[in-house]
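J.: How does the following fold in three dimensions:
(chains A and B)
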Number of protein chains: 2
Amino acid sequence: MIRPVRVLRVALVGFGNVGRRFVERLPGPYARVLRAAGARVVLTAVASAGHGRAIDPRGLSAAACLAAVARDGSLDDLHRGPPVRSTLELIRRAPADVMVEVTPLDPRRGEPALSHVRAALRRGMDVVTANKGPVAFGRRGLLALARRHGRRFLHESAVMDGAPVFNLLERCLPGLRVRGFRGTLNSTTGYVLSRVEEGASPADALREARALGIVEKDAAHDLDGWDAAVKGCALANALMAARVAPAQVRRRGIRGLSPALVRRAAREGARYRLVVRARRARGRVQVSVGPERLAAGDPLAGSGSDSALLLDTDLMGEIAIVERGGTVEQTAYGLLSDLVALVRPAAPTRGPRRRRTVP
Amino acid sequence: MIRPVRVLRVALVGFGNVGRRFVERLPGPYARVLRAAGARVVLTAVASAGHGRAIDPRGLSAAACLAAVARDGSLDDLHRGPPVRSTLELIRRAPADVMVEVTPLDPRRGEPALSHVRAALRRGMDVVTANKGPVAFGRRGLLALARRHGRRFLHESAVMDGAPVFNLLERCLPGLRVRGFRGTLNSTTGYVLSRVEEGASPADALREARALGIVEKDAAHDLDGWDAAVKGCALANALMAARVAPAQVRRRGIRGLSPALVRRAAREGARYRLVVRARRARGRVQVSVGPERLAAGDPLAGSGSDSALLLDTDLMGEIAIVERGGTVEQTAYGLLSDLVALVRPAAPTRGPRRRRTVP
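T.: Predicted structure coming up:
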């Protein structure tokens, strides 16, 4: 059977660890998955913070883009047409159907991702992002904007990379009400505490985590719980229909935890982890972040950079999803899974279908 | 907006712990969820192994069915029309659109569930089952039969109750290849080992598990790994496109485990659990079941009747889903989630949609 192939022109905004891994895999395994879904991706624009910007309506070569930044050169050399002076200008001019947004975030403001997403939706592009900022700071408004433009705003990899958390509830757990959740959502603190349990110093452990590419540009965002707070808001807003912003989160980081305490807990079979909690209280959803001692057997008590989310639901009790060893590989997969959702038509969420009946 | 409500006539086959919980919740929370999906359920037939059978085209009262079995009476008193001599006859005669199948299973043969599912599909009913037997012994054939009759065969709660395992891969992890999996899929052995860790004798622990309603009619099916083997095959066949039958599973149960060994492991932070494994070897999928010592932090090392499935995937690394404290409540929810899938149209899994493009 010959199926028409849809060409999906992609503008990639952000070309750090995740963006590069995504582009590396685009011609290989990701192309295979997209082809099976009926689409062929053409990369028509790439914007990087430190390595320039390029637009080419005929398609940019993945290898050339990667080579340009690998030798510390500039994407500008691959650009065709009048110069592009800013990322926002690139979003406005890119000949693309979808923007994939993976820039580093200021977790206190959700920028610049929030502005990028708005600009792309206004321009009539679909948006796929691994960025938690827009989800935490503006999900409701962005969904409304997307609807007005007949586009979609997808963000599965904003929390726990490509492990399904947003889609899990929407696609697999119909009718459930989430009463609250607990999660270990920050890989860096998980990794650091795990290495401290094994005897490493916090400073060494952080250096190792940085070498793995899982630490935020400013490590304080991880250690002081900002990353976790923003992810907690993103989840609360999406899964519990909350309207909570990171500034409202009661937040404590892991810097105050003594290594001796962490090691003693480990000897007793328990584990300290940075835990995000959300619950309904007096008609509102409250989100908090802080270190907690987790008993053995708790789904959140994973090792290293594992992350986990435990949902407390009305009809299905407690259910958890766990991602082992969060890497940029897994974040990049989340982008792919959203691209597949764009090409597969969405199932209407309501309404009966016609059927024949048994007499 | 007024939406047409579709009436979904249900024949319930099997009226044990799960069937009763399902019927209890049908008029309340489940009706709310189904109403939101555009459907109203009418229970038109119920078959029980020890308490008779009833058909009523006008609808059976949930309360009356529950009362009949609670006072050790018979469903026969609620029946209208010529007598029904067998469950298969009930399936052939029930004025129903969907059969919900929850009979106890002979795990060595997959019966009688397999015959029930075949009969219902041949008659043109959709089928929803919490039964692992048909999935392990005949999934491929049953899907083909369903297709021929334009019907669906759904079985989310066959493994890990209503926690999404089959749907997780299909709906949330597009394009992934499952290289193998590990799972703690049998609640009874999990509960027994957990209580033995705490000092209980295996016999007492089993008695407690029985009181919770999680033990198979014949406890040997749990303790000797039959239940786990059948579930492992169901998963391997569905998630890895295998063709493996329970008789081919290398299977060891937990009876040979000494309580002293289990307790010593627990003191060292580890846990013995009955683990199902599947992996590809020499072009085939091999499934095995046996007790394993799990390190702290392993997503499978949960407590009590927790169950977990860890998928090893090509593009997304390792990802696990955990259900805490498996109860009949959670199995019943799985039936509901499949009923919702029946009323919501399935998304076509391939093919491009039309869209406007950005110039």
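
J.: these two touch, right, A:R293 and A:E268?
T.: No. Contact status for A:R293 versus A:E268: not in contact, 9.3 Å apart, counting by Cβ atoms under 8 Å. All C-beta spots, glycine's among them, are computed from the backbone N, C-alpha and C.

J.: out of those two, which sits in the busier spot?
T.: A:R293 (15 against 12; other Cβ atoms under 10 Å in any protein chain shown).

J.: Quick one: residues contacting the spatially most central residue of chain A.
T.: The centre of chain A sits closest to A:A158, judged by Cα atoms, centre = their mean, with a distance of 1.9 Å. Residues near A:A158 by Cβ atoms under 8 Å, 6 or more residues apart in numbering or on different chains: A:T129, A:A130, A:N131, A:K132, A:P134, A:V135, A:F166, A:K231, A:A234.

J.: can you pull the contacts of the fifth one?
T.: For A:P134, the contacting residues are A:E101, A:G110, A:A113, A:L114, A:V117, A:L142, A:F153, A:H155, A:A158, taking Cβ under 8 Å, 6+ apart as the criterion.

J.: what secondary structure does the nearest residue to the fourth one once chain neighbours are set aside sit in?
T.: Which is A:L114. Leaving aside its chain neighbours, A:L114 sits nearest to A:P134 (5.0 Å; criterion: Cβ to Cβ, 6 or more residues apart in numbering or on different chains). Under DSSP: H, G, I helix; E, B strand; the rest coil, the three-state class of A:P134 is helix.

J.: Show the model's pLDDT score for A:P134.
T.: Looking at A:P134, its pLDDT is 96.

J.: before we move on, which element is A:A228 in?
T.: Taking DSSP states H and E as the criterion, A:A228 maps to helix A:226-239.

J.: tell me the SS of A:T44?
T.: strand.

J.: can I assume it is in contact with A:R9?
T.: Yes. A:T44 is within contact range of A:R9, at 4.7 Å (criterion: Cβ under 8 Å).

J.: now the helix or strand containing A:L311 and helix A:226-239, what's the angle there?
T.: Under the criterion of DSSP H and E, A:L311 resides in strand A:307-313. Between strand A:307-313 and helix A:226-239, the angle comes out at 30 degrees (axes from the mean of the first three to the mean of the last three Cα atoms, to 10 degrees).

J.: which residues of chain A score low on pLDDT?
T.: A:1-3, A:345-359 (pLDDT under 70).

J.: Could you say which helix or strand holds A:Y191?
T.: Using DSSP H and E, the element containing A:Y191 is helix A:187-197.

J.: okay, the angle between the next helix or strand after that helix and helix A:187-197?
T.: Next along the chain after helix A:187-197, taking DSSP H and E as the criterion, comes helix A:202-211. Interaxial angle, helix A:202-211 versus helix A:187-197 (the same axes, to 10 degrees): 140 degrees.

J.: so how far is helix A:202-211 off the chain centroid?
T.: 22 Å (Cα atoms, centre = their mean, to the nearest Å).

J.: Can you give me the buried ones in it?
T.: A:P202, A:A205, A:L206, A:A209 (16 or more other Cβ atoms under 10 Å in any protein chain shown).

J.: Compile these into a markdown table and extend it with columns for distance to chain B.
T.: Below are the buried residues of helix A:202-211 laid out as a markdown table (distance: Cβ to the nearest Cβ, whole Å):
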| residue | distance to chain B |
| --- | --- |
| A:P202 | 19 |
| A:A205 | 16 |
| A:L206 | 20 |
| A:A209 | 17 |
